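> need coordinates for the below:
(one chain, ligands or ions: 1)
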Amino acid sequence: MVNRTLVVALLVSFACLVPTTVAQGKKLKIYISADMEGVVGVVTGDQLSPQGFEYNRFREFMTEEVKAATEAAFEAGATEIVISDSHGNGENLLIDKLPKNVTIVRSWPRPLMMMEGIDETFDGVIFIGYHTSTNNMSGVRAHTISSARLADIRLNGTSMPEAGINAAIAGHFNVPVIMISGDDAIVKEATDLLGNIEGAVVKWAVSFHAARTLTPETAYDLIREKSRKAIARIKEFKPYKVKEPVQLDVRFKAYRPSELLSYLSIVQRTDSHSIRFVGKDIVEVSKFLEFITNYEPSLEP
Ligand SMILES: [Zn+2]
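All right, here's what the predicted structure looks like:
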């Protein structure tokens, strides 16, 4: 049998080490979804895929940005952090560079896409390296889910950036988004949609492929500061909810995806390039989106 007085004494002394922004001794779970287009200095494909000559360097910057948010969150009282590597192949983050006590979701497909691993036990969501939607006239690498294939994604009639779709997934589990980092355009797009969340602007978009950027060290400091602030304000944020059932409209850049998808009775073709799917909730919509952007009959194994 364990000496209860000793256990209580140990718990109390441990609790004293935890910073005071959050009620002491309470669990505080943070989910971090990390993309790459909004990472400091990223402007073109040269930084975004293994074929790009600067990719390996920028994986380090992406990892450092996530690490900055993670360390700040732990300092501010987070007790558990799950990170999803949510760009490209889902294998960008250098996992040996991240703190010991986090877990990382990698690769695809995932039913909850860039939010895989979230559930109702989390207290807040941080978006790192995010970018504007394909409908936004500004923002570095503005696109929604697939820059090559999709021209619009709407939830209940409203065009959404990935930040909006992902906020709705978190909202389904009653978890609010508390902070976002990226260029000035996505911080504006996200705060217009989600309200007064903390925003770390690490660069200013000039065009789709140009920006004026901070240096990495300054960006990490800013992300640390905003993450800390967001957790201090965590009680102020409301989960972002979309009305159910959820109507999803997808506009493809090519003609044939909408034609073929319309063979399915659950899909309605709304014009030459567009389809509609109605899901009972955003989780069903997320699975449908992941399916239509990943499925091909040549899949192996
Ligand atoms: Zn990305």
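
> since we're on His172, how many residues are nearby?
His172 is flanked by 24 other residues according to other CB atoms under 10 Å. Where C-beta positions appear, they are placed from N, C-alpha and C, glycine not excepted.

> can I assume it is in contact with Val285?
No: in this structure His172 lies outside contact range of Val285 using CB atoms under 8 Å: 9.8 Å.

> Ser33 should be in a helix, yeah?
No: the assignment for Ser33 by DSSP: H, G, I helix; E, B strand; the rest coil gives strand, which leaves it out of any helix.

> beta-bridge partners for it, please?
The partner list for Ser33 in beta bridges (DSSP bridges) reads Ser84, Phe127.

> against the ion, how distant is it?
The gap separating Ser33 from the ion is 11 Å, by CB to the ion, to the nearest Å.

> with just CA atoms, put stretch 134-148 into CSV.
Included here for stretch 134-148 are C-alpha records, laid out as CSV according to Å, rounded to 0.1, in the frame of the first residue of the first chain:
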residue,chain,number,x,y,z
THR,A,134,-8.3,28.8,-52.9
ASN,A,135,-11.1,31.5,-53.0
ASN,A,136,-8.9,34.2,-51.2
MET,A,137,-7.4,36.7,-53.6
SER,A,138,-4.3,36.9,-51.4
GLY,A,139,-2.1,34.6,-49.5
VAL,A,140,1.0,32.6,-50.3
ARG,A,141,0.0,29.3,-52.0
ALA,A,142,-3.7,30.0,-51.4
HIS,A,143,-5.5,26.6,-51.9
THR,A,144,-8.0,24.3,-50.2
ILE,A,145,-6.8,20.7,-49.6
SER,A,146,-5.6,20.3,-53.2
SER,A,147,-4.1,23.1,-55.2
ALA,A,148,-4.0,20.9,-58.3
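
> give the rounded mean pLDDT of that stretch.
This predicted structure assigns stretch 134-148 an average pLDDT of 95.

> neighbours of Ala210, just the number please.
13.

> leaving out chain neighbours, which residue sits closest to it?
Counting by CB to CB, 6 or more residues apart in numbering, Ala210 lies nearest to Val43, which is 5.8 Å off, once chain neighbours are set aside.

> and for Arg228, the neighbour number?
Arg228, neighbours per other CB under 10 Å, totals 21.

> my guess is it contacts Ala72, does it?
Yes: using CB under 8 Å, Arg228 makes contact with Ala72 at a distance of 4.7 Å.

> which neighbours do these two have in common?
Contact criterion CB atoms under 8 Å, 6 or more residues apart in numbering; residues shared by Arg228 and Ala72: none found.

> wait, Val202 sits on Leu222?
Yes: with contact defined as CB under 8 Å, Val202 and Leu222 form a contacting pair (6.5 Å).

> okay, the two: which has more neighbours?
A side-by-side neighbour count of Val202 and Leu222, using other CB under 10 Å, places Val202 first with 28 against 19.

> what's that one sitting at in phi/psi?
When quoted as degrees, to the nearest 10, the phi and psi of Val202 stand at phi -100, psi -10.

> so who does it touch?
Under the criterion of CB under 8 Å, 6+ apart, the contact partners of Val202 comprise Gly38, Val39, Val40, Glu65, Ser181, Gly182, Asp183, Thr213, Leu214, Ala219, Leu222, Ile223.
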